[in-house]
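1. coordinates only, sequence not included:
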C-alpha cells in the first residue's frame, strides 16, 4: 500500500470516528480498532491497544493523542499529521457551528431528545472501550488491585482523577523498585 493511500486511510478513519463518536476519545476506540486493525490491517491489535492506552496516560485530548501515536506508527510524521487532522476537524467544525447556532437551537422537543439518545448510546460505547482496554491491560493481580483501588478512590471517595493517576504512577515506581530489590536478593 502506498504512503499516500495510508495517509488518506488514516485521515478518513479518524475523521469518521471523530464525527460519529460523541463521548470523547475513549468512545472512538472500538471504531478505530475495527478499521485500523481489522479492515485495513495497518497495525496489530496489541500495538493499537498499547497506543490507545498510552494516549490516555498523557495530558491532552485523547483522540488527538491516539491519532498521533497511531498515525506515527503506521506512516511516520505524515501519517501522524493526517490522522491528527482527521481527528480534530470534526470537533472544530461542530463546535464552530454549535457556538454560532446555539441561540437558535430549541431547548425542548425532538432535537433535545435526540441528544439524550446520543448521550445514552455514548455510555455504552465508552463501556465497551473500557472492557476492551481492561482485557488488554489487566493481566496481573497488581493491575487488578490498582484498577479496583483507583476506581474506589474516584467513584466512592470522590478523589479527583489526576491525583489518583499521579498516586498510581508513584505506587508503580515503588512497586517496581521492590520487585527489583527482591530479584536482586534472590
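-> All right, it came through fine. All values reported here derive from a predicted model rather than from experimental measurement. Numbers count the residues shown, from 1 in each chain.

2. just the element for the residue minimising distance to the centre of the chain, please.
-> Nearest to the centroid of the C-alpha atoms of the chain, with distances taken as C-alpha atoms, centre = their mean, sits residue 26, at 3.6 Å. Secondary structure here is read from DSSP states H and E; on that basis residue 26 sits in helix 25-33.

3. now tell me what touches that helix from outside.
-> Contacting residues not belonging to helix 25-33 are listed as 13-14, 16-18, 20-21, 45, 48-49, 52, 55-56, 61-66, 70, 122, 125-126, 128-130, 132-133 [C-beta atoms under 8 Å, 6 or more residues apart in numbering]. C-betas here are computed from N, CA, C, even on glycine.

4. show me what the strand or helix carrying residue 4 is packed against.
-> Using DSSP H and E, residue 4 maps to helix 3-20. Here helix 3-20 is seen to pack against helix 25-33, helix 62-101 when contacts are counted using 3 or more C-beta pairs under 8 Å, 6 or more residues apart in numbering; DSSP states H and E.

5. past the longest one, which element shows up next along the chain?
-> To tie it back to what came earlier, the one meant is helix 62-101. Under the assignment DSSP H and E, the closest C-terminal helix or strand after helix 62-101 is helix 110-137.

6. list the buried ones in that following helix?
-> Of the residues in helix 110-137, those with enough neighbours to count as buried (16 or more other C-beta atoms under 10 Å) are 122, 125-126, 129, 132-133.

7. quick revisit: what subset of the contacts of helix 25-33 is buried?
-> By the neighbour-count criterion of 16+ other C-beta under 10 Å, the contacts of helix 25-33 include these buried positions: 13-14, 16-18, 21, 48-49, 52, 55, 61-66, 70, 122, 125-126, 129, 132-133.

8. before we move on, back to that, how far away is the residue nearest to the centre of the chain from residue 173?
-> When distance is defined by C-beta to C-beta, to the nearest Å, residue 26 is 26 Å away from residue 173.

9. try residue 110
-> Relative to residue 173, residue 110 is positioned 52 Å away (C-beta to C-beta).

10. what does residue 49 give?
-> Residue 49 sits 23 Å away from residue 173 when distances are taken as C-beta to C-beta.

11. also residue 74?
-> Distance of residue 74 to residue 173, computed by C-beta to C-beta: 32 Å.
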